[in-house]
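Engineer: Would you be able to build a 3D model of this:
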Amino acid sequence: MRVLRRARPTGSPRVARVVVCLAFVSAWPAAVVTVAAPATDTPQAVVAAVAEPGPGTAGRRAPGLDLLLSRPYLPPDLDQGVFDELWTVWEERARSRAERASPEERRRLAMERYGLTPHPDDPSRSMQYVVDATGAWTMSCLACHQGQVDGRAIPGLPNAGYALETLTEEVRLVKLKQRKAFGHMDMGSLFLPLGTTNGTTNAVMFGVALMRHRAPDLSIVQRPPRFDLVHHDMDAPPWWHYRKRRSLYADGFAAKGHRILMQFLLVKENGPDKFRAWEDDFRAIERWIGSLEPPRWPWAVDTARADRGRGLFLRHCADCHGTYDAADPTRETYPDRIVDIAEVGTDRVRFDALSPRERGELNASWFGHMGEDAATMKDRESPAGYVAPPLDGVWASAPYLHNGSVPTLWHLLHPAARPAVWKRTATGYDRDRVGLEVEAFAAMPAAADGGSLAPAERRRHFDTSKPGKRASGHDFPDVLDEDDKAAVLEYLKTL
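Structural biologist: Numbering: from 1, shown residues only. Here you go, the predicted structure:
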């Protein structure tokens, strides 16, 4: 049994009509040293501080995290006035509830709706956006890489609730009402889909579209738009894997480095000089990402069952996913193995979406030090499949498979029982099945009037019948009986 996870194709492959410089969603980084705040009465507990590794830094927020929380690298997406009026364009039931609520409760409802986490310094703000003194909100890497488990915020955890498409649509509606100018996200999302399911983004095609109008040195060049982009959603990976991985992305074609983390800053306002000026910032951000450690399972574990599961894991899973030793991490191994697409059998839209040329052009650009970073990785420009990721903290990083189509580890271990359509709760966690708390459906449900669901509600459902979103494949657990699967599931809690 192998536990391949995380990369995310989405909805039907669509063709871009116009390629517009889009916003900022972070790339494939990292390893973990997560500091999760204890659960509170608020919907999402907030991390107060994360210290940089090394002596004399206890209690001080890491410089890299501080940069992500406080420094904008993109034009703003909205302002406080727009955010505070988002509720006015919600569907009637949600709008009526918000109308009766206090301003503070409305903000809480908005954060829950869009998958945002309260800021450690000011709970009225979001960790996913930098909010400046004028009230301008600017997206940061934490939009996709700041999630929560059971109401506890964990830095570097994929944000499985981020409703980017819905937020952008509703921001645009409020701006129309307030007669405010559209920004790059408002315009770009009219032509380039942002994500068809909450928690996923069209990040791979963002990158292709952004690089379309840049020379290798990042100077802006005029090129005709592409009409052949295969749009598909990706599920962000945990940043705590960065330390073990030698490359980024589901197919492992891009070498790690602080420059590659800047790839999604390629809006027209950011020229080559800005990228060079920000290098030290992203060196600090990369150090913080590389310092992260996986969160530990906070509940009881059946140690006897987990010990038995460890033996099964070593026999069936370790060849792809490595070995783990909490007592002595130096003894751990990770093979960084690419599993052939025919062998793993998971959805291949992501695999087919990029050409060797597109992979090579990114590596040959300034982001890859003009090819130096990936000089020993030429084989990865035409990969055979997907990289089997490390499984540190796997209990926290649901959903699973490279496209995030499987909501719990129990479902991963039971391929035939994976739901066709599922909808997660806002912050719930399934301790028994280990993963997202979800409601399952045989097919996409209809609206109360019998028609189709409204777009915001539709995106709360993950429909595995859509291209790029299949939950099939990775059926290696079928060699195990139920007792074996239960033992492996218990062991996975300990990683």
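Engineer: Low-confidence regions, this structure specifically.
Structural biologist: Applying pLDDT under 70 to the chain flags residues 1-59.
Engineer: which one's the longest strand in it?
Structural biologist: Criterion DSSP state E: the longest strand present in the chain is strand 421-430.
Engineer: and the following helix or strand past that one, how far from the chain's centre?
Structural biologist: Toward the C-terminal end, the helix or strand that comes next after strand 421-430 (DSSP states H and E) is strand 435-441. Offset of strand 435-441 from its chain centre (CA atoms, centre = their mean, to the nearest Å): 18 Å.
Engineer: Quick one: list the elements packing against strand 435-441.
Structural biologist: Strand 435-441 sits against helix 409-413, strand 421-430, with contacts defined as 3 or more CB pairs under 8 Å, 6 or more residues apart in numbering; DSSP states H and E. Quick note: C-beta positions are derived from backbone N, CA and C, even for glycine.
Engineer: Let me know the distance separating the residue lying closest to Glu437 once chain neighbours are set aside from Gly147.
Structural biologist: Nearest residue to Glu437, sequence neighbours excluded (CB to CB, 6 or more residues apart in numbering): Gly428, at 3.0 Å. According to CB to CB, to the nearest Å, Gly428 and Gly147 sit 13 Å apart.
Engineer: what about the two, which has more around it?
Structural biologist: Remark: of Gly428 and Gly147, Gly147 carries more neighbours, 27 against 12, as counted by other CB atoms under 10 Å.
Engineer: following the host helix or strand of that one, which helix or strand comes up?
Structural biologist: Using DSSP H and E, Gly147 maps to strand 146-149. Following strand 146-149 in sequence order, the next helix or strand is strand 152-155 (DSSP H and E).
Engineer: For that next one, name the packing helices and strands.
Structural biologist: Secondary-structure packing of strand 152-155 (3+ CB pairs under 8 Å, 6+ apart): strand 146-149.
Engineer: May I have the strand it packs on as CSV, with CA atoms only?
Structural biologist: Output in CSV follows, covering the C-alpha atoms of strand 146-149 (Å, rounded to 0.1, in the frame of the first residue of the first chain):
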residue,chain,number,x,y,z
GLN,A,146,-2.5,28.8,6.6
GLY,A,147,-5.1,26.2,7.6
GLN,A,148,-6.8,24.9,10.7
VAL,A,149,-7.6,21.5,12.3
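Engineer: who touches that strand?
Structural biologist: 36, 44-45, 117, 127-128, 153-161, 295, 396, 427, 429 (CB atoms under 8 Å, 6 or more residues apart in numbering).
Engineer: Would you confirm that Met139 contacts Leu74?
Structural biologist: Yes: in this structure, Met139 is within contact of Leu74 by CB atoms under 8 Å, at 6.3 Å.
Engineer: ok, the two, which is more surrounded?
Structural biologist: Taking neighbours as other CB under 10 Å, Met139 and Leu74 compare with Met139 leading, 27 against 21.
Engineer: Identify the bridge partners of that one.
Structural biologist: In this entry, Met139 is beta-bridged to Tyr129, by DSSP bridges.
Engineer: can you give me the helices for the stretch 251-400 of the chain?
Structural biologist: In the stretch 251-400 of the chain, the helices defined using DSSP state H, counting those that start in this stretch lie at 272-277, 279-290, 303-316, 318-321, 341-344, 349-353, 356-363.
Engineer: what would these look like in a markdown table with distance to Asp392 and mean neighbour count?
Structural biologist: Converted to a markdown table, the helices of the stretch 251-400 of the chain look like this (distance: least, CB to CB, whole Å; neighbours: other CB atoms under 10 Å):
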| stretch | distance to Asp392 | mean neighbour count |
| --- | --- | --- |
| helix 272-277 | 31 | 13 |
| helix 279-290 | 13 | 20 |
| helix 303-316 | 13 | 16 |
| helix 318-321 | 10 | 20 |
| helix 341-344 | 20 | 16 |
| helix 349-353 | 22 | 21 |
| helix 356-363 | 26 | 17 |
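Engineer: Present those as JSON lines; the columns should include distance to Val406.
Structural biologist: Converted to JSON lines, these look like this (distance: least, CB to CB, whole Å):
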{"stretch": "helix 272-277", "distance to Val406": "37"}
{"stretch": "helix 279-290", "distance to Val406": "25"}
{"stretch": "helix 303-316", "distance to Val406": "18"}
{"stretch": "helix 318-321", "distance to Val406": "16"}
{"stretch": "helix 341-344", "distance to Val406": "13"}
{"stretch": "helix 349-353", "distance to Val406": "15"}
{"stretch": "helix 356-363", "distance to Val406": "26"}
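Engineer: closest one to Asp122 among these?
Structural biologist: With respect to Asp122, and counting by CB to CB, the nearest of the helices of the stretch 251-400 of the chain is helix 279-290 at 20.8 Å.
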